[in-house]
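Colleague: Got a predicted structure here, sequence first:
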Amino acid sequence: NNNNNNNSGEENEENEYEAHAKEVDEENEENEQTMPSFGFIGNMHGDEPLGREIALRLAEWACGEDDDSFFGNNIDLATKVKNKATLYFIPTLNPDGFVKRRRENANGVDLNRDFPFIEFAKPEPKKVPHHVKMGAPHTQNMRVNDLYDDTLRQLQPETRSIIEFSKRVNLTGALNYHEGALVANYPWDGNLDGATKYSRAPDDNIFKHAASIYAQSHGKMKLSKEFVGGITNGAQWYPLWGGMQDWHYVKTQTLDITIEVNDRKWPLEDTNLGEIIRTHCRASIDTAHAVMFTSARGFVFDKSSNEALEKCEVRVENVAVDRRILIDGKTVRPPLPVFTNKRGYFVKPIYMSGEMSTFEIMVTCPEASQTHRQKFTDVDVSNGIDLVVRIATSNGSDGARRNGGFEFSSSSSSSSSASSLASRSRSSTTTTTTRR
């Protein structure tokens, strides 16, 4: 049913044990790149095994015929996650650390300090902080900032594997399970000066909302005395560099949240372990639904040829929220864009500030001479909106360009999908502690 057997003794050139990912897509393979997707990633730190059990239990649920209310979720919501999305499960990202029951991998490196520095260069401290000493060796933090191709060969094999996997599947969202606290942690983890303070990501509203859904669904997490509402900004808790969630966010536009699942690492089996796993499975499904389906998703096509347009930049902004002025006088940095895949498909999670929020979509394609914009309001709070955008490109007819070069159709009905909307459109006449 799943990924990795740590007792199998399988060997490769770099690690004693191999890690594998399990993909679950209830629809046919043709839909793989025309659906939202989500990843459940556990055991990045070898001495934090609960995430492994949560991911395995979720994989069993996704592959099985059990009642969709098995974890206490709303049945319709859970069924949609199971049937209308592509799900990936990686129970053990650090199999060698798991076998040796230690945080680091076989080379003694903390994998959650090993990703290329993306948004922030690592400040050079006068004194190495405790959480750096406990993680990767300090020399690991000396790589040139944001040089992906140059740094890839220096990374650990597990890091390289998840980077290549993530670039290939381009997850809409992901949860990365850790232990040592009970909290939902969201980007940014890093900042420019190394201070322990809030570091606001462009999609801050979406991240906070998704983290809050997790904490609320879990129950006990939202009652935290240490973290208000059971959530925290990464850098406000303690800053770190080389973490997976910041890399995921920038490089693959994946909304990745780090979940600390239990105060105690490697809890005893007699500590109501089954209930711990069940509550996190429930919260995981609820959060996956919110990230994947409270979204603007759909296709970008050439207006003349109906060919899918790949690598188009798609921005979706809540006009009232994403363009406001902060207290310090700075303008809010708009949400990061997503990019269409080879089928012209995109998914951009959005923040609903009310049932009648106004959004603007902005599409920029390499083949088109300008950015095309359209505002829309008919967004369903639970189901988001399905869109089809048609753009006149340099490869299209002169007539298509003269007629405005842009067509836009949408549907917010839960019974519709981007794929069915696109099919109808094709046939139409107009084309301080270290846990993470």
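Modeller: Great, that's in hand.
Colleague: Run through the strands of the stretch 151-300 of the chain in chain order.
Modeller: Using DSSP state E, counting those that start in this stretch, the strands of the stretch 151-300 of the chain run over 173-178, 181-186, 231-233, 255-262, 295-302.
Colleague: Is it possible to get TSV of these that adds mean neighbour count, distance to residue 103 and mean pLDDT?
Modeller: (Glycine included, C-beta is placed from N, CA and C.) Output for the strands of the stretch 151-300 of the chain, formatted as TSV (neighbours: other Cβ atoms under 10 Å; distance: least, Cβ to Cβ, whole Å; pLDDT from 0 to 100):
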stretch	mean neighbour count	distance to residue 103	mean pLDDT
strand 173-178	26	10	98
strand 181-186	25	15	98
strand 231-233	24	20	98
strand 255-262	26	14	98
strand 295-302	25	35	96
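Colleague: looking at these, which is closest to residue 162?
Modeller: Nearest to residue 162, of all the strands of the stretch 151-300 of the chain, is strand 173-178, at 9.8 Å by Cβ to Cβ.
Colleague: neighbouring contacts of the closest one?
Modeller: 38-45, 48, 50-52, 54-55, 112, 210, 214, 244-245, 248, 254-261, 280, 284, 287-288, 291-292, 349, 435-436 (Cβ atoms under 8 Å, 6 or more residues apart in numbering).
Colleague: if we go to 6 Å?
Modeller: Strand 173-178 is contacted by residues 38-42, 48, 51, 54, 244, 254-261, 284, 291, 435-436 when judged by Cβ atoms under 6 Å, 6 or more residues apart in numbering.
Colleague: CSV for the strands of the stretch 151-300 of the chain, including distance to residue 360?
Modeller: Output for the strands of the stretch 151-300 of the chain, formatted as CSV (distance: least, Cβ to Cβ, whole Å):
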stretch, distance to residue 360
strand 173-178, 22
strand 181-186, 24
strand 231-233, 27
strand 255-262, 20
strand 295-302, 10
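Colleague: tell me, how many neighbours does residue 195 end up with?
Modeller: 12 (other Cβ atoms under 10 Å).
Colleague: ok, now residue 237?
Modeller: Residues lying near residue 237 (other Cβ under 10 Å) number 22.
Colleague: Compute the first-to-last residue distance for stretch 59-78.
Modeller: Counting by Cα to Cα, to the nearest Å, you get 13 Å between the two ends of stretch 59-78.
Colleague: Pull out the buried residues from it.
Modeller: 59, 61-63, 68, 70-71, 73, 77-78 (16 or more other Cβ atoms under 10 Å).
Colleague: now stretch 186-195
Modeller: Neighbour-count burial for stretch 186-195, counted by 16+ other Cβ under 10 Å, picks out 186-191, 194.
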